[in-house]
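A.B. asks: sharing a model prediction with you, sequence too.
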2 protein chains.
Amino acid sequence: MFVLGIDPGLSRCGYGAVARRPGGLEARAGGVVRTDPAAPLPERLLLLHGELRAIVAELAPDAVVVERVLFQTNARTAMATGQAAGIALVAAAEAGCRVVQYSANEVKMAVVGYGSATKEQVQRMVAALLGLATPPKPPDVADALALAVCHLGASSVQRAVDAAVGAWP
Amino acid sequence: MFVLGIDPGLSRCGYGAVARRPGGLEARAGGVVRTDPAAPLPERLLLLHGELRAIVAELAPDAVVVERVLFQTNARTAMATGQAAGIALVAAAEAGCRVVQYSANEVKMAVVGYGSATKEQVQRMVAALLGLATPPKPPDVADALALAVCHLGASSVQRAVDAAVGAWP
């Protein structure tokens, strides 16, 4: 199974693809789509849509996982992030992919084991699960990979955690 | 000048097109795109995107006006509405249209003259400005026409208000 995670954002939208292989998980691709904060909103959303569509078409994942955006303290950022998430959902649905959403807390629960884990803990655990020496950078990529790992399921995650526990600092 | 207004919404998304003609404004088209609340979010956004893209292509407006969604008491609705607005912005930008956003208060200011006008006042004024015997229904269409009227400018609105003032109840 091959899963593309998308960490939605308008200025920086992270993506990361993870495949399940015998014995564990493997990162296959990752990157960030950036749009110019000085550009008009419709142009930024259109650019994001085109880039995400191209990424989904190129990677052809079995499923696309998009973080469910909840309201944060900064309402202005939450709206832009939510719109970016909507664009990601459309790009995935257009390609006929199965589309799933998880909240940040669900990802933390699946990857680290508790919902109040820090971003750094998630990133280090993602690196350990994927056999990477250091957490992927920028953090948007690590967050996108974490979404993909989350979707690859609690059971396979648990097996990988057992295998990778030695790498946990 | 021919302007398409879009009142964003996920369950019901209103649209209305208004042209400036000698002596006033004229409604040219209007309707509502509905998506099934029971369907998955990615499918609903994809359907909305396709419908709005077809409407923009068919009407070929000079400008598309989309309501700027601000946070309301119901955060869940605001996010869905904001995502629908993002989809509308992309559909308009894809077609190469000029895209403009106004808040509900800006529309009320432009159409009725004060930002705390009621929905009913806006709808009756839209009917008067467009020479319609009754406010367009459903209200989503009237709200979309109001966005288009707003964009057609304070000066022409003022002229039309002067001409239509007799129709004001």
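C.D. replies: It's in.
A.B. asks: only C-alpha atoms from now on, for both contacts and neighbour counts.
C.D. replies: Fine.
A.B. asks: ok, and for whichever helix or strand A:Glu58 is part of, which residues are buried?
C.D. replies: With elements taken from DSSP states H and E, the one containing A:Glu58 is helix A:41-59. Of all the residues in helix A:41-59, those buried under the rule 16 or more other C-alpha atoms under 10 Å in any protein chain shown are A:41-49, A:51-53, A:55-56.
A.B. asks: in chain A, which segments are predicted with low confidence?
C.D. replies: Of all residues in chain A, those with pLDDT under 70 make up the ranges A:72-76, A:154-169.
A.B. asks: how about a cut-off of 50?
C.D. replies: A:154-155 (pLDDT under 50).
A.B. asks: could you say which helix or strand holds the residue positioned nearest the centre of it?
C.D. replies: Centroid-nearest residue in chain A: A:Ala144, 1.8 Å away (criterion: C-alpha atoms, centre = their mean). Counting by DSSP H and E, the secondary-structure element that holds A:Ala144 is helix A:139-151.
A.B. asks: now do the strands in chain A.
C.D. replies: Here chain A has its strands, by DSSP state E, at A:2-7, A:12-21, A:24-34, A:63-67, A:98-102.
A.B. asks: of the ones you listed, flag the one that's most buried.
C.D. replies: Comparing the strands of chain A on average neighbours per residue, with mean count of other C-alpha atoms under 10 Å in any protein chain shown, the densest one is strand A:2-7 at a mean of 28.
A.B. asks: that strand close to chain B?
C.D. replies: No: applying C-alpha under 8 Å from any C-alpha of the partner chain, one finds strand A:2-7 out of contact with chain B, separated by at least 13.8 Å.
A.B. asks: got a list of what the spatially closest residue to A:Ala57 that is not a sequence neighbour touches?
C.D. replies: Spatially, and ignoring its direct neighbours in sequence, A:Ala57 is nearest to A:Ala95 (7.0 Å; C-alpha to C-alpha, 6 or more residues apart in numbering or on different chains). A:Ala95 is in contact with A:53, A:56-57, counting by C-alpha atoms under 8 Å, 6 or more residues apart in numbering or on different chains.
A.B. asks: and stretch A:82-92 with chain B, contact?
C.D. replies: Yes: contact of stretch A:82-92 with chain B is found when judged by C-alpha under 8 Å from any C-alpha, involving A:82-87, A:89-90, A:92.
A.B. asks: over to the residue nearest to A:Gly82 when sequence neighbours are not counted: give its phi and psi.
C.D. replies: Setting aside the residues directly before and after it, A:Gly82 is nearest to A:Val69 in space (C-alpha to C-alpha, 6+ apart), at 5.6 Å. With angles defined as degrees, to the nearest 10, A:Val69 sits at phi -90, psi 120.
A.B. asks: on that earlier part again, I'd like the strands of chain A as a markdown table, with distance to B:His151 appended.
C.D. replies: Rendered in a markdown table, the data for these read as follows (distance: least, C-alpha to C-alpha, whole Å):
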| stretch | distance to B:His151 |
| --- | --- |
| strand A:2-7 | 35 |
| strand A:12-21 | 31 |
| strand A:24-34 | 31 |
| strand A:63-67 | 35 |
| strand A:98-102 | 37 |
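A.B. asks: chain A against chain B: which residues are in contact?
C.D. replies: By the criterion of C-alpha under 8 Å from any C-alpha, the positions of chain A lying close to chain B are A:41-43, A:45-46, A:49, A:71, A:75, A:79, A:82-87, A:89-90, A:92-94, A:99.
A.B. asks: mind redoing it with 7 Å?
C.D. replies: Residues of chain A lying near chain B by C-alpha under 7 Å from any C-alpha of the partner chain: A:42-43, A:45-46, A:79, A:82-83, A:86-87, A:89-90, A:93-94.
A.B. asks: farthest-separated two in those residues?
C.D. replies: A:Met79 and A:Glu94 (22.4 Å; C-alpha to C-alpha).
A.B. asks: tell me which of these two has more neighbours.
C.D. replies: When neighbours are counted by other C-alpha atoms under 10 Å in any protein chain shown, A:Met79 and A:Glu94 differ, and A:Met79 comes out ahead with 27 against 19.
A.B. asks: so what's the more buried one up against?
C.D. replies: A:Met79 makes contacts with B:79, B:82, as judged by C-alpha atoms under 7 Å, 6 or more residues apart in numbering or on different chains.
A.B. asks: go on, the one 4 residues further on?
C.D. replies: Listed by C-alpha under 7 Å, 6+ apart, the contact partners of A:Gln83 are B:82-83, B:86.
A.B. asks: give me the subset of these lying in helices.
C.D. replies: Where the contacts of A:Gln83 overlap with helices, as defined by DSSP state H, the overlap consists of B:82-83, B:86.
A.B. asks: if we can go back for a sec, just put the contacts of A:Gln83 in JSON lines and tack on distance to B:Val33.
C.D. replies: Below are the contacts of A:Gln83 laid out as JSON lines (distance: C-alpha to C-alpha, whole Å):
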{"residue": "B:Gly82", "distance to B:Val33": "16"}
{"residue": "B:Gln83", "distance to B:Val33": "15"}
{"residue": "B:Gly86", "distance to B:Val33": "15"}
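A.B. asks: just name the closest of those residues to A:Ser11, please.
C.D. replies: Using C-alpha to C-alpha, B:Gly86 is the member of these that lies nearest A:Ser11, at 14.6 Å.
A.B. asks: got the contact list for A:Val100?
C.D. replies: Residues near A:Val100 by C-alpha under 7 Å, 6+ apart: A:64-66.
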